[in-house]
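> need a structure here:
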Amino acid sequence: MAVSNENPMTLEELSGFMKNLDVEQAMAFDGGSSTSLYVDIPEKKLMLTSAKDNAARRVKSILIVK
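I've put the predicted structure just below:
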């Protein structure tokens, strides 16, 4: 799950959303212009970045799920 500027949420709203999905544990990473999400599954590839006006920064923390 990644929250973008197009559909912003507070941490409290995101927590409630994850609870509604029956998520038991979640991890919050630093947000801002380094926020990115890349999904590569056979049916679909999805990439989300929060960069605006070429202001992206390098991503410092990642989580890989295989």
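> In space, what's closest to L46 - neighbours in sequence excluded?
Once flanking residues are discounted, L46 sits nearest to V39: 4.2 Å by Cβ to Cβ, 6 or more residues apart in numbering. Any C-beta I mention is one placed from the backbone N, CA and C, and that applies to glycine too.
> Please, which helix or strand holds that neighbour?
V39 belongs to strand 36-41 when assigned by DSSP states H and E.
> where does K19 land in three-state SS?
Judged by DSSP: H, G, I helix; E, B strand; the rest coil, the three-state class of K19 is helix.
> would E12 count as being in a strand?
No - using three-state DSSP, the assignment for E12 is helix, not a strand.
> Report the contact partners of it.
Applying Cβ atoms under 8 Å, 6 or more residues apart in numbering to E12 gives no contacts.
> pLDDT at it, what is it?
Looking at E12, its pLDDT is 93.
> swap in A26?
A26 is assigned a pLDDT of 86 by the prediction.
> Quickly note the distance from the closest residue to it other than its chain neighbours to S4.
Excluding its sequence neighbours, the residue lying closest to A26 (Cβ to Cβ, 6+ apart) is M18, at 5.2 Å. According to Cβ to Cβ, to the nearest Å, M18 stands 16 Å off from S4.
> Thanks again, I'm all set now.
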